[in-house]
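sequence and predicted structure, then a few things I'm wondering about:
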Amino acid sequence: MDNSFAALKLAVDTAELVDGHAHNIVALDSTFSYLNCFSEAAGEALAFATRSIGFKRNLREIAQLYGTEPSLEAVQEYRAKSGVESITSKCFKASGISAILIDGGIDLHKRYEIQWHKQYVPFVGRILRIERVAEEILQQGIVRGITWSLDSFTESFVNHLKSYPFFGITCAGEIAGFKSIAAYRSGLEINTKVSRKEAEEGLKEVLRAGNSIRITNKNFIDYIFVTSLKVAQSHDLPMQIHTGFGDKDLDLRKANPLHLRGLLEDEEFKNCRIVLLHASYPYSKEASYLASVYHQVYLDFGLAVPKLTFHGMVSSVKELLHLAPINKVMFSTDGIAFAESFYLGAKYGREVIFSVLRDACADGDLSIPEAVQAAKEMLSENAKVFYKIEDSSASSIINRSLPVVHLSQHASVEDIEFVRIIWVDASGQHRCRVVPRKRFHDLITQNGLGLTCASMGMSSHTDCPAEGSNLGVSGEIRLMPDLSTKFVIPWAKKQEIVLAGMHIRPGIPWEYCPRDTLQRVSKVLKDEFDLVVNAGFENEFYLLRNEQVDGKDKWVPFDHTCYCSSSSTDAAFPILSEIVASLQSMNIVVEQLHAEAGHGQFEIALGYTNCESAADKLIFAREVIRAVARKHGLLATFVPKYSLEDVGSGSHVHLSLSRNGQNLFMGQKGTRYGISTIGEEFMAGVLNHLPSILAFTAPIPNSYDRIRPNTWSGAYQCWGMENREAPIRAASPPGIPFGSVSNFEIKAFDGCAQPHLGLASIIAAGIDGLRKHSKIPEPIDANPDTFKDKVKRLPKTLAESVEALENDSVVADFIGEKLLVAIKAIRKAEVKHYTENKDDWKQLIHRY
């Protein structure tokens, strides 16, 4: 690529997308055909979809994302094996979408409700399909024996429209706009002067159809549209209108947006904002004209992108821009039913916008800076303003408070020279291989990278496999990059970073793979209880500087201030702000940061997400924090007890349970402790198995120098309500109703833990609690050190936690025999080495 377009490519690739129009995702066993991910066809015509250019291109893209063979069978097999949560997480992470507006008006089989989608995207709003609302009102009235008149219907319909929360997207499900599919029912030649008599006759015709209500009468459609438009205008809400192509129910001739001229000329509705969806394809030129001469008309190019050929997509968007102002053109995926449709819409949305704007620059229509601004506007900023999305991600508060940080990675994809492939071994150490970009794309993405099996048997003190791990000199696996986790490295030039899974061969996970272990255990929880674990980590770390003492290097604290010190924050803010900016560039939400109690110690709390994504983001967060500190001449360490005289560092994790996006850990008003029965049982299981869980979450002897009484690290086997001396704390953060608990925190989790294995052991224990309907004991709401006769001490050493693990058949069964053998061998090797080499723990700051 011509380097003169590098800034434009960067702007396109790094823009956080606002998806202005999409639909619900469905369960894996939905009857809605997966081929609808690729085509608008239905019935017998759908069988021919696999022969289209768009299908072949899009299938290849999905296969590359999943690391499978480019066949429909291989992709569907991967979907079935991975589960909808894993697939959705992967697709949305790769998409870079920060907000979605969902039209829930399509009655898809086994669809997930709008709230469910909020697990994967910071903001999820709703677009209300007016014809669907009208049909549901009439249908429900018939069931209840109501005899509808036009007046009674109108009153019910208007009250229903007004019953939703409007004005800005602050929680899932709020209404950002209305939508009409009049083009499907009676065409776009809306009669804004439809008479009362015409509307009454239309209603009667609809009701004569019987119990199954489907509104097709043109006069009644027009009446619903006009009535809705009045509500929309009074609340300053936009009206999205389906225009152009769709499935065969639509008469394409009546979907030409030029039919809307009567509406657009009507003085009563001149200030109601109209969005023409789907690039109005094949009437894109007509849509462009309307947007140029009517101030209230805006354009959305979803569906045309990615359903058309690449040339068709580019041509359609170019036609929109022939006349339309740039600030009236908006992006959407029109994603429906399958997470892959969102991924494809996002991927090709970026590629098409880059291609269109690059050509505009080459033709002299735009300068590079103008094109960069146009890209940002069309992909996100126009929609933020138009739909009143004040904050495009959950990290926006941090965004506004931070100074501008110029990251050194600003390079387009074509400028990338190397890719770092990252994995975290069983001892919690981050490791990587670096390959040239061409080799990565030509070979590694499909075939993986060779790695010795011994890599999963190494301990914190040596790069040799531990004795008894059954991992030796022979055998090789494949590191398979998860492309949904690939990002441009913020702190280094011309490099990308990606997480990898461990496979025996491509598509077959290795028994020792931590990422697959977490996926397996999570799938059991989903399959048995229809539950998903969400998690958020708090990263505590020390910033150390090097100084010479008696001619020797010594690492000392960055400063000597106290907890939440403003002076410490000031001193470290150039570093902290670059860390946060880097994390945000990798789609990692930062909720807050502050100076901790230790000298030179800080904490950065990450956003809440599904457990697999949370583990991935924790790995990237550690990478970012260490790398940015190194740039500033400092050493960042996550060692649990870097100094025996100072405060320890943890990696506390907050956990909750959800089903279809609803928090099921939180109890209703009046429930015991404010925790649901499901939440109690899950947490009880974790509490019961906590001694063996420590072998995963506190994996080195130094971990137990941190877990001591009276240090807020959780030394006793108990739980408490907001008790920071308990290892399990029931939490009720701001915004949660009084008396309710939204999540629980595990404090005995530190920065040396392999995050996927740590979470897998916790979920395994929780599943055991659910199966046995375990009950939690009374909470300890004071310092448990004063109740030694009532509560057990957690393991005081790594040796004790390994012994607990050896006696815990439940956790062992979930983790798997081979991996468990290796983990126990590694932990025993750690105990032996640090017992025999008393001062070697001081070198851990260079490994963690």
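Sure, I can see it.

quick one: mean pLDDT over the helix or strand containing Met502.
Assessed by DSSP states H and E, Met502 sits inside strand 495-505. What strand 495-505 shows for mean pLDDT is 91.

what does stretch 156-174 give?
66.

all helices for the stretch 551-700 of the chain, in order.
Taking DSSP state H, counting those that start in this stretch, the helices of the stretch 551-700 of the chain run over residues 566-585, 611-631, 677-688, 690-697.

got the buried residues for the second one?
This points to helix 611-631. 611-629 (16 or more other C-beta atoms under 10 Å). No exception for glycine: its C-beta is placed from N, CA and C like everyone else's.

could you do the shortest one as well?
Within helix 690-697, the residues that qualify as buried by neighbour count (16+ other C-beta under 10 Å) are Leu690, Pro691, Ser692, Ile693, Leu694, Ala695, Phe696, Thr697.

what's the spacing between the next helix or strand after it and its chain's center?
Where DSSP H and E defines the elements, the next helix or strand beyond helix 690-697 is helix 703-706. Distance of helix 703-706 from its chain centroid, counting by C-alpha atoms, centre = their mean, to the nearest Å, is 33 Å.

now do helix 703-706: everything it contacts.
Residues from elsewhere that reach helix 703-706 (C-beta atoms under 8 Å, 6 or more residues apart in numbering): 640-641, 644, 648-650, 694, 698, 713, 750, 752, 795-798.

likewise for stretch 222-240?
Outside stretch 222-240, the residues that touch it by C-beta under 8 Å, 6+ apart are 21, 103, 127, 130-131, 134, 154, 157-158, 161-162, 166-167, 175-180, 182, 186, 190-192, 194, 198-199, 202, 215, 269, 271-275, 277, 298, 300, 386-387.

burial of Arg196, as a residue count?
Using other C-beta atoms under 10 Å, Arg196 is surrounded by 11 other residues.

from Ser186, how far out is it?
For Arg196, the distance to Ser186 equals 18 Å [C-beta to C-beta, to the nearest Å].

circling back: pick out whichever of the buried residues of helix 690-697 sits closest to Ala829.
Of all the buried residues of helix 690-697, Ala695 has the smallest distance to Ala829: 13.1 Å, by C-beta to C-beta.

quick one, what contacts that closest one?
Counting by C-beta under 8 Å, 6+ apart, Ala695 has contacts Ser761, Leu798, Ser801, Val802, Ala804, Leu805, Ile823, Lys824, Arg827.

measure the fifth one to His430 for me?
For Ala804, the distance to His430 under the criterion C-beta to C-beta works out to 27 Å.

settle it for me: which of those two has more neighbours?
More neighbours surround Ala804 than the other of Ala804 and His430, with 19 against 16 (other C-beta under 10 Å).

and Arg478, what element?
Using DSSP H and E, Arg478 maps to strand 476-481.

partner strands of the next helix or strand after that strand, parallel or antiparallel?
The C-terminal neighbour of strand 476-481 among helices and strands, as given by DSSP H and E, is strand 487-488. Strand 487-488 pairs in its sheet with strand 495-505 (antiparallel), by DSSP bridges.

hmm, who's touching the strand it pairs with?
Residues from elsewhere that reach strand 495-505, judged by C-beta under 8 Å, 6+ apart: 409, 416-423, 434, 437, 448-449, 451, 456, 477-483, 485-489, 509-510, 512-516, 616, 619-620, 623.

which parts of it are buried?
For strand 495-505, using 16+ other C-beta under 10 Å, the buried residues are Gln495, Glu496, Ile497, Val498, Leu499, Ala500, Gly501, Met502, His503, Ile504.

want to throw those residues into CSV with distance to Leu655?
Listed next are the buried residues of strand 495-505 as CSV, based on distance: C-beta to C-beta, whole Å:
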residue, distance to Leu655
Gln495, 33
Glu496, 31
Ile497, 27
Val498, 26
Leu499, 21
Ala500, 25
Gly501, 23
Met502, 25
His503, 28
Ile504, 31
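
closest to Phe529 among the residues you listed?
Gly501 (25.0 Å).

so Phe537 sits in a strand?
Yes. The assignment for Phe537 is a strand, going by DSSP: H, G, I helix; E, B strand; the rest coil.

follow-up on the earlier one: which of the buried residues of helix 690-697 sits closest to Gly600?
Nearest to Gly600, judged by C-beta to C-beta, of those is Thr697 at 24.2 Å.

show residues contacting the host helix or strand of Leu263.
For Leu263, the host element (DSSP H and E) is helix 261-265. Outside helix 261-265, the residues that touch it by C-beta under 8 Å, 6+ apart are Glu189, Ile190, Asn191, Thr192, Phe269, Lys270, Ile274, Leu290, Tyr294, Gln296, Val297.

same check, this time on stretch 627-638
With C-beta under 8 Å, 6+ apart, stretch 627-638 has contacts from 491-492, 539-546, 555, 558, 574-575, 578-579, 582, 622, 625-626, 649, 651, 750-752, 844-846, 848.

pull stretch 760-768 out as PDB, backbone CA atoms only.
The C-alpha trace of stretch 760-768 is given here as PDB (Å, rounded to 0.1, in the frame of the first residue of the first chain):
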ATOM      1  CA  ALA A 760     -11.600 -23.000  35.100                       C
ATOM      2  CA  SER A 761     -11.000 -24.300  38.600                       C
ATOM      3  CA  ILE A 762     -13.400 -21.700  40.100                       C
ATOM      4  CA  ILE A 763     -16.200 -22.600  37.700                       C
ATOM      5  CA  ALA A 764     -15.600 -26.300  38.200                       C
ATOM      6  CA  ALA A 765     -16.100 -25.800  42.000                       C
ATOM      7  CA  GLY A 766     -19.200 -23.700  41.300                       C
ATOM      8  CA  ILE A 767     -20.700 -26.400  39.100                       C
ATOM      9  CA  ASP A 768     -20.200 -28.800  42.000                       C
END
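
alright, calling it a day.
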